[in-house]
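> Sharing a sequence plus its predicted fold:
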Amino acid sequence: MVKLAPGVPLDLALAFAPDARVPVGQLAWANNTAQLEWSREVIARQLRVDGAIRYPQERGLVAARSREFDGLHGFLSDSLPEGWGRLVMSRRLAKLGVDIATLTPVEHLALVGEGGRGALVFAPATTPEADATSGIDLDALAEEAGKILSGEDGELADILAKAAGGSGGARPKVHVGFGPKGEISIGGGELPPDHASWIVKFKAPNDPTDIGPLEEAYACMAEAAGLKLAEHRLIPAKKGPAYFATRRFDRPSPGARLHMLSLAGAVEAPTTPAALDYDQFLRATHAITRNAQDVAHAFRRMIFNVLAHNRDDHARQHAYLMDNNGEWELSPAYDLTYSPGPGGQHYLDIEGEGDKPTHKDIETLGAKHGLSKKEVGAMVEEVGVAVADWRKYAKEAGVTAATTKDVADAHARVRTTF
């Protein structure tokens, strides 16, 4: 079964733990728009499931506000795979004789079932069964991912689709469990109880060959700059550079989940250049988490993205986490790496400047959010010291000399106009 039976609504729940599942409501598709009915539990507890409460928590049907997310509510659209995740799912369905384009967005969510990111789960799940997933070989999966991106199919395509979960972005990635003795598992729902949830990334066609070491070097540099990241490491490959792996921060421990919502899903903004700016990111962070420290962390992340030349900073590259008490916090930073950005610009501009943001621009924005020149200056200094050590982090991670130089040159260009 891939499609929902006619007239069957989709049940939504937050699966914080096997014994802590909160019904969210039911979802149906009508007039090319998703129609949501909140559960009594969500209404009674006033759980801000959509982050900023764009949708009133009251009885009756609540339609999606726009067609921006294919007719879905923004916070629900977050659960859909995009990029790599959508590609492997569409290939998997095609083998079953189903064109993914013929499915409604609600039926797409049913395909996600319990295998998406965060704590949101959907029933009835219509995800096709995959072959056995014991004895997973990351090198074989990486090779298979390359074949799929080049238009080929292979023996492990179903496994890759299952492991993609709610993946977004262009880079191939798998959601896996690492056991205490090095075992690797893949599960559509929960992993074995002694397995920790991680994401392993592979190379995309346009990536440098050392993309894994490059992202590891950036992660180490970001931590030195004071950013909060999930645990991360490199996994050696049989051939070529190592794979970058990071622990899933929406799966804090075996069986436990946190509700996850991207900035894009929270404010219902597209991931196109200039759709949002950093001022709106900071305002959304304050509105969702109600925590000044989270706003300061978001501000520091912005400074890092500027000085480290990470211009792939669109609205799905920032997220929030909610626990089972309904408390929100800014998620750890993720997907940090050198990126030239669209047309050389940041996706999120600073005071209208996306090409060459200056220290003055950052000070002006900081003042709008209660940060003094002294506080902003201290952040810039701390981040700048970490970025100045780029070559050290690159060497430790195994980044090639050519890539190291390209990135160092980009950092230098930023400093000349900053």
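Thanks, I have the structure now.
> Need the contact partners of stretch 355-371.
Residues outside stretch 355-371 that contact it (C-beta atoms under 8 Å, 6 or more residues apart in numbering): 278-279, 282, 286, 292, 295-296, 299, 302-303, 306, 344-346, 349-351, 353, 372-373, 375-376, 380, 414, 417-418. In this view, the C-beta of every residue, glycine as well, is placed from N, C-alpha and C.
> Strands of this protein, residue ranges please.
10-17, 20-30, 33-38, 61-63, 120-123, 173-178, 184-185, 196-201, 232-235, 243-247, 259-262, 319-322, 328-330 (DSSP state E).
> Would you format those strands as CSV with mean pLDDT included?
Below are the strands of the chain laid out as CSV (pLDDT from 0 to 100):
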stretch, mean pLDDT
strand 10-17, 94
strand 20-30, 93
strand 33-38, 95
strand 61-63, 92
strand 120-123, 93
strand 173-178, 83
strand 184-185, 78
strand 196-201, 89
strand 232-235, 95
strand 243-247, 94
strand 259-262, 96
strand 319-322, 97
strand 328-330, 98
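> L109 is nearest to which of those strands?
Closest to L109 of those is strand 120-123 (C-beta to C-beta; 4.9 Å).
> and that closest one, what does it pack onto?
With contacts taken as 3 or more C-beta pairs under 8 Å, 6 or more residues apart in numbering; DSSP states H and E, strand 120-123 sits against strand 10-17, helix 105-112.
> what are the C-alpha coordinates of the last one, in PDB please?
Translated: helix 105-112. This file holds the C-alpha atoms of helix 105-112, laid out as PDB (Å, rounded to 0.1, in the frame of the first residue of the first chain):
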ATOM      1  CA  PRO A 105       1.200  15.900   0.000                       C
ATOM      2  CA  VAL A 106      -0.800  14.200   2.700                       C
ATOM      3  CA  GLU A 107       0.000  10.800   1.100                       C
ATOM      4  CA  HIS A 108       3.700  11.900   1.000                       C
ATOM      5  CA  LEU A 109       3.500  12.300   4.800                       C
ATOM      6  CA  ALA A 110       2.000   8.800   5.100                       C
ATOM      7  CA  LEU A 111       5.100   7.500   3.300                       C
ATOM      8  CA  VAL A 112       7.200   9.100   6.000                       C
END
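> And that helix, what does it pack against?
The helices and strands touching helix 105-112, judged by 3+ C-beta pairs under 8 Å, 6+ apart, are strand 10-17, strand 20-30, strand 120-123.
> Make CSV from those and add mean neighbour count and distance to F249 to it.
Formatted as CSV, the helices and strands packed on helix 105-112 follow (neighbours: other C-beta atoms under 10 Å; distance: least, C-beta to C-beta, whole Å):
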stretch, mean neighbour count, distance to F249
strand 10-17, 20, 14
strand 20-30, 17, 18
strand 120-123, 21, 15
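> So for A142, which of the ones you listed sits nearest?
Nearest to A142, of all the helices and strands packed on helix 105-112, is strand 120-123, at 28.6 Å by C-beta to C-beta.
> Give me the contacts around that closest one.
Residues from elsewhere that reach strand 120-123 (C-beta under 8 Å, 6+ apart): 10-15, 24, 76, 79, 109-110, 112-114, 116, 259.
> okay, how far is it across stretch 256-276, tip to tip?
End-to-end span of stretch 256-276 (C-alpha to C-alpha, to the nearest Å): 32 Å.
> same check, this time on stretch 69-85
17 Å.
> Tell me how many other residues surround the nearest residue in space to G113 that is not next to it in sequence.
Leaving aside its sequence neighbours, G113 sits nearest to A125 (C-beta to C-beta, 6 or more residues apart in numbering; 2.8 Å). Using other C-beta atoms under 10 Å, A125 has 17 other residues around it.
> What backbone torsions are found at A125?
phi -80, psi 130 (degrees, to the nearest 10).
> Contacts only, for it.
Applying C-beta under 8 Å, 6+ apart to A125 gives the contacts A110, L111, V112, G113, E114.
> hang on, the earlier thing: could the helices and strands packed on helix 105-112 be laid out in CSV, adding distance to L96?
Formatted as CSV, those follow (distance: least, C-beta to C-beta, whole Å):
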stretch, distance to L96
strand 10-17, 20
strand 20-30, 21
strand 120-123, 19
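> residue ranges for the helices of the stretch 301-418 of the chain, please.
Assigned by DSSP state H, counting those that start in this stretch, the helices in the stretch 301-418 of the chain fall at 359-368, 373-388, 390-397, 401-417.
> so of those helices, which one's packed in deepest?
helix 390-397 (a mean of 18; mean count of other C-beta atoms under 10 Å).
> Just the C-alphas of it, formatted as PDB.
What follows is helix 390-397, C-alpha atoms only, in PDB (Å, rounded to 0.1, in the frame of the first residue of the first chain):
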ATOM      1  CA  TRP A 390      41.500  27.400   9.700                       C
ATOM      2  CA  ARG A 391      44.600  25.700   8.400                       C
ATOM      3  CA  LYS A 392      45.100  23.900  11.700                       C
ATOM      4  CA  TYR A 393      41.700  22.400  11.700                       C
ATOM      5  CA  ALA A 394      42.000  21.600   8.000                       C
ATOM      6  CA  LYS A 395      45.300  19.700   8.500                       C
ATOM      7  CA  GLU A 396      43.900  17.800  11.500                       C
ATOM      8  CA  ALA A 397      40.800  16.700   9.500                       C
END
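> Now do that helix against strand 243-247: the angle between them, please.
Between helix 390-397 and strand 243-247, the angle comes out at 100 degrees (axes from the mean of the first three to the mean of the last three C-alpha atoms, to 10 degrees).
> For F418, see how far away the nearest residue to E375 once chain neighbours are set aside is.
In space, and not counting its chain neighbours, E375 is closest to G366: 7.0 Å by C-beta to C-beta, 6+ apart. To F418, G366 is 15 Å away according to C-beta to C-beta, to the nearest Å.
> that older thread, any chance of the helices of the stretch 301-418 of the chain in CSV, with mean pLDDT too?
Supplementary listing: these in CSV, determined by pLDDT from 0 to 100:
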stretch, mean pLDDT
helix 359-368, 97
helix 373-388, 97
helix 390-397, 98
helix 401-417, 97
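> between those, which gets nearest to D323?
Evaluated over the helices of the stretch 301-418 of the chain, closeness to D323 peaks at helix 373-388, with 27.5 Å, by C-beta to C-beta.
> Residues in contact with that closest one: which ones?
For helix 373-388, the surrounding residues in contact (C-beta under 8 Å, 6+ apart) are 221-222, 224-226, 299-300, 303-304, 307-308, 359, 362-363, 366-367, 411.
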